[in-house]
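**Q** What would the 3D arrangement of this be:
(one chain, ligands or ions: 2)
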Amino acid sequence: MASELARPVTELSGVGKAAAENLENMHIHTIEDLIWTFPYRHEDYRLKNLAETPHNERVTVEGRIESIPTVMFLGNRKSRLQVQMLAGQHLVKVVFFNQNYLKTKLEPGTIVAVTGKWDRGRQLINGTHISCGPKDERADFEPVYSVKGKLPQTKFRHFMRQALDLYGQDIEEQLPQELLVNYKLLPIVEALEGVHFPKDAETAKQARRRFVYEELLDFQLKIQALRKLRKEQEHGMVIHYDVSKLKAFFESLPYELTGAQKKVVNEICRDLLQPHSMNRLLQGDVGSGKTVVAAAMLYAAVTAGFQGALMAPTEILAEQHADSLSEWLEPFGLSLALLTGSTKTKARREILERLANGDIDIVMGTHALIQPDVRFHKLGLVITDEQHRFGVEQRRVLKEKGENPDVLFMTATPIPRTLSITVFGEMDVSIIDELPAGRKEIETHWVKQEQFNQIITKMTTEIAAGRQAYVICPLIEESDKLDVQNAVEVYEQLTTLFHGKFNIGLMHGRLSSSDKDAVMREFSEGNLQVLVSTTVVEVGVNVPNATFMMIYDAERFGLAQLHQLRGRVGRGEHQSYCILLADPKSDEGKERMISMVEMTDGFRLAEKDLELRGPGDFFGRKQSGMPEFKVADLIHDYRALETARQDAVKMVDSEDFWQNPNYAGLRKKLEKSGVLDGERID
Ligand code: ADP
Ligand code: MG
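**A** Ligands and ions are numbered 1, 2, ... in the order given. The predicted model follows:
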């Protein structure tokens, strides 16, 4: 039957040369292409009551014509027809543009149904659709397609109607019967009819539900099949770590791991023991204690005779890791090294030598770790911190320095689960969703410029008590935009304000990285009380004595970024404060500020961010590699995605899926996608 569906769309009656061209532009060549072109919405012609219709909404109402229509010609073949109609209690003025031929149909006393935009203020409807017949001759819903060129909706609908009537029955069901029954999904033929020409709202909803699930299932099957193949094909190393040594390490810490830290440690340990290589994303909110988990896992690799590497995006961060890891691991006899862009030539040469001969157990550093001359003796585990800062390419290079070492990506950017199982679908995900006990919640306030003096008073009090403060300004680069607070200006303003009482530092993206490091070091050693900075402090830095943060023009930042910034305070034993200085003009901006004040949980904020900005924007343009779905919507269809994922996992792991004829349809699609031949899906 497939051959029938492959017939050219030009065989349908009414598809002339012009229409064929337009269809071509819509990538519609065959009957099958046409049938799989879904409407993006439906016009709703169900009769409504005007009293319940919001301003500016399209609505269909029925009423009696109460006046003789008047037509005004506007020149250039344009006209405006106006008539009075009584719809329920409302005597409304109905206006039609360029449809003066309706005049004869709208005689006083006629009962008509009119569709148009309801303008409450002016009491009129801009009519675009009219029907004079009795109600049951009209369809309640009409599909609206994104047609190209001058192809009218009515024509396109007519083609679709023909295609479905002639060939709709030939479309084969791809979903197994069992799934249709379990989830009460519409069978394919009904679903196609329902997605194009639903007889009622419920049918439209059910048709959509079926295609959403099918689309997400196809997508998840690809991801899960890919994951399964990777596990079967790649020969990684079994890292047989020493359990008792690892236990001793945990006992040496001044605190007990949180439940969430223990959970992820177990997940990672299980991966280390597997013969295929680990590909895991570790998500944990700022301050959730990822570093100690990384240290423990690197130590585990060392106890099994392997080397480990920890890569950070900035020198400051790499140094901080080096300090922490040395303090924790040197007592256990490990040899650690730090390799960054500032490592002197001689020291560097020595480190490279000792890495190559296996003298060094763990190396920490920046992208200096992935230079071509850096070689390892036996690299078993690679961890990257703040992974979103690294390009895919850099990660791959580091990974290839060993023979398929295990790889753990850490990130403090909470990625909503919805996105992480799509974008990072091939990765396993571990989440630290708990902060160490005793952390005080950061007090967040949203203030206006008028309260500036109060804020300064509060900041002074904190500093007088021995604490430190961050003052964050939006990007310095945007100097052409006069309304952006310039970091230099703020720095000068504060310097004048505190006239010599405190030491103030300035940091921004224009400084060289050694200057940045120098300023940061001064701040972390307590020589500076205030650090005026652009968002360059956003990543990972840990100065527990800093308890106060003021963010200028906070409305200019996204929620995820504000949350990252705020995470620089609240890292010690003292109560911390975050002040958002903002005067947002848009409702969305206001909502962002309110969310920041009300929520401290990074994952909840990320979900909110996603809701406010939409998935396309979440990771910033293009970079994301977000899959595009035809019907599904990642925000609203989150539960379907989760279900599809679970089903896909079960399927690819079952013999049944690969053999049973019930799954032939799904298998065929998977084969067609190229995934099974080792092609990547992104
Ligand atoms: P992040 O996940 O943001 O990288 P860090 O690893 O820098 O967080 O940890 C933040 C702080 O919490 C550090 O000072 C660390 O020593 C401390 N910490 C980590 N785990 C625990 C724990 N289980 N109990 C108490 N403090 C902890
Ligand atoms: Mg960190």
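**Q** Run the chain-centre distance for the longest helix seen in the chain.
**A** The single longest helix within the chain, with elements called by DSSP state H, is helix 201-233. Distance of helix 201-233 from its chain centroid, counting by Cα atoms, centre = their mean, to the nearest Å, is 18 Å.
**Q** counting contacts, what elements does the next helix or strand after that helix pack onto?
**A** The element immediately downstream of helix 201-233 (helix or strand, assigned by DSSP states H and E) is helix 243-252. Helices and strands touching helix 243-252, as assessed by 3 or more Cβ pairs under 8 Å, 6 or more residues apart in numbering; DSSP states H and E, comprise helix 290-303, helix 315-329. Every C-beta, even on glycine, is put in place using the N, C-alpha and C of the backbone.
**Q** among the ones you listed, which is nearest ligand 1?
**A** Counting by Cβ to the nearest ligand atom, ligand 1 lies closest to helix 290-303 out of these; the figure is 3.2 Å.
**Q** Is any residue of the closest one near ligand 1?
**A** Yes - counting by Cβ under 6 Å from any ligand atom, contacts between helix 290-303 and ligand 1 involve 290-292.
**Q** got the CA positions of that helix in CSV?
**A** Extracted C-alpha coordinates of helix 290-303, given in CSV (Å, rounded to 0.1, in the frame of the first residue of the first chain):
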residue,chain,number,x,y,z
LYS,A,290,30.7,18.4,44.1
THR,A,291,34.4,19.0,44.7
VAL,A,292,34.7,16.5,47.4
VAL,A,293,32.8,13.9,45.3
ALA,A,294,35.3,14.6,42.5
ALA,A,295,38.2,14.2,44.8
ALA,A,296,36.9,10.9,46.2
MET,A,297,36.4,9.5,42.7
LEU,A,298,39.8,10.5,41.5
TYR,A,299,41.3,8.9,44.6
ALA,A,300,39.3,5.8,43.8
ALA,A,301,40.9,5.6,40.4
VAL,A,302,44.3,6.1,41.9
THR,A,303,43.8,3.2,44.3
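**Q** What lies in contact with it?
**A** With Cβ atoms under 8 Å, 6 or more residues apart in numbering as the test, helix 290-303 has contacts from 239, 241-242, 245-246, 249-250, 253, 257, 261, 264-265, 268-269, 272, 282, 284, 307-308, 310, 321, 324-325, 328-329, 332, 334, 361-362, 380-381, 383, 385, 406, 408, 410, 412, 432.
**Q** So, low pLDDT: which residues of the stretch 101-250 of the chain?
**A** 120-138, 233-234 (pLDDT under 70).
**Q** Smallest gap between it and ligand 1, at which residue?
**A** Here the residue of the stretch 101-250 of the chain nearest ligand 1 is residue 250; by Cβ to the nearest ligand atom that distance is 9.9 Å.
**Q** Same check on the stretch 401-550 of the chain?
**A** At 3.3 Å from ligand 1, residue 436 is the closest residue in the stretch 401-550 of the chain, using Cβ to the nearest ligand atom.
**Q** before we move on, the earlier item: the longest helix of the chain packs against which elements?
**A** Using 3+ Cβ pairs under 8 Å, 6+ apart, the elements in contact with helix 201-233 are helix 188-196, helix 638-653, helix 664-673.
**Q** Tabulate the ones you listed (JSON lines), appending mean neighbour count and distance to residue 532.
**A** Formatted as JSON lines, the helices and strands packed on helix 201-233 follow (neighbours: other Cβ atoms under 10 Å; distance: least, Cβ to Cβ, whole Å):
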{"stretch": "helix 188-196", "mean neighbour count": "20", "distance to residue 532": "56"}
{"stretch": "helix 638-653", "mean neighbour count": "18", "distance to residue 532": "40"}
{"stretch": "helix 664-673", "mean neighbour count": "16", "distance to residue 532": "52"}
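**Q** on that earlier part again, if you average pLDDT over each of the helices and strands packed on helix 243-252, which is lowest?
**A** Ranked by mean pLDDT, the helices and strands packed on helix 243-252 bottom out at helix 315-329, which scores a mean of 92.
**Q** buried residues in that one?
**A** For helix 315-329, burial by neighbour count (16 or more other Cβ atoms under 10 Å) applies to 315-322, 324-326, 328-329.
**Q** about what we covered before: would you mark the buried spots in the longest helix of the chain?
**A** By 16+ other Cβ under 10 Å, the buried positions in helix 201-233 come out as 203-204, 206-227.
**Q** Surely residue 453 is in a strand?
**A** No - assessed with DSSP: H, G, I helix; E, B strand; the rest coil, residue 453 is helix; it does not lie in a strand.
**Q** Could you report the neighbour count for it?
**A** Look at residue 453: counted by other Cβ atoms under 10 Å, it has 9 neighbours.
**Q** Let's have the helices and strands packed on helix 201-233 in JSON lines, adding distance to residue 565.
**A** Output for the helices and strands packed on helix 201-233, formatted as JSON lines (distance: least, Cβ to Cβ, whole Å):
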{"stretch": "helix 188-196", "distance to residue 565": "45"}
{"stretch": "helix 638-653", "distance to residue 565": "27"}
{"stretch": "helix 664-673", "distance to residue 565": "41"}
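**Q** wait, which of these is closest to ligand 1?
**A** Ligand 1 lies closest to helix 638-653 among the helices and strands packed on helix 201-233, at 25.8 Å (Cβ to the nearest ligand atom).
**Q** ok, residues contacting the very next helix or strand once past the closest one?
**A** Downstream of helix 638-653, the next assigned helix or strand under DSSP H and E is helix 655-659. The contact list for helix 655-659 (Cβ under 8 Å, 6+ apart) reads 651, 663, 666-667.
**Q** Serialize those to TSV and add fields for distance to residue 543.
**A** Shown next, in TSV, are these (distance: Cβ to Cβ, whole Å):
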residue	distance to residue 543
651	49
663	56
666	53
667	55
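**Q** Just put these in JSON lines and tack on pLDDT and distance to ligand 1.
**A** Formatted as JSON lines, these follow (pLDDT from 0 to 100; distance: Cβ to the nearest ligand atom, whole Å):
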{"residue": "651", "pLDDT": "94", "distance to ligand 1": "35"}
{"residue": "663", "pLDDT": "92", "distance to ligand 1": "42"}
{"residue": "666", "pLDDT": "92", "distance to ligand 1": "40"}
{"residue": "667", "pLDDT": "91", "distance to ligand 1": "42"}
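**Q** for these, which one is nearest residue 83?
**A** residue 666 (55.6 Å; Cβ to Cβ).
**Q** Next, the contact list for that closest one, please.
**A** Counting by Cβ under 8 Å, 6+ apart, residue 666 touches 174-176, 217-218, 221, 651, 657.
**Q** Using JSON lines, lay out the residues you listed together with distance to residue 60.
**A** Shown next, in JSON lines, are the contacts of residue 666 (distance: Cβ to Cβ, whole Å):
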{"residue": "174", "distance to residue 60": "36"}
{"residue": "175", "distance to residue 60": "35"}
{"residue": "176", "distance to residue 60": "40"}
{"residue": "217", "distance to residue 60": "36"}
{"residue": "218", "distance to residue 60": "36"}
{"residue": "221", "distance to residue 60": "41"}
{"residue": "651", "distance to residue 60": "44"}
{"residue": "657", "distance to residue 60": "47"}
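**Q** Distance-wise, check the nearest residue to residue 653 once chain neighbours are set aside relative to residue 210.
**A** Leaving aside its sequence neighbours, residue 653 sits nearest to residue 228 (Cβ to Cβ, 6 or more residues apart in numbering; 7.1 Å). Distance, residue 228 to residue 210, using Cβ to Cβ, to the nearest Å: 26 Å.
**Q** same check, this time on residue 503
**A** For residue 503, the distance to residue 210 equals 65 Å [Cβ to Cβ].
**Q** same deal with residue 578?
**A** 46 Å.
**Q** what's the answer for residue 73, then?
**A** Distance from residue 73 to residue 210, by Cβ to Cβ: 50 Å.
**Q** Name the residues of the stretch 551-682 of the chain found near ligand 1, please.
**A** For the stretch 551-682 of the chain, the residues in contact with ligand 1 (Cβ under 6 Å from any ligand atom) are residue 571.
**Q** what's the pLDDT at whichever residue of the stretch 551-682 of the chain sits closest to ligand 1?
**A** Taking Cβ to the nearest ligand atom as the measure, the stretch 551-682 of the chain has residue 571 as its residue closest to ligand 1, at 6.0 Å. Residue 571 is assigned a pLDDT of 85 by the prediction.
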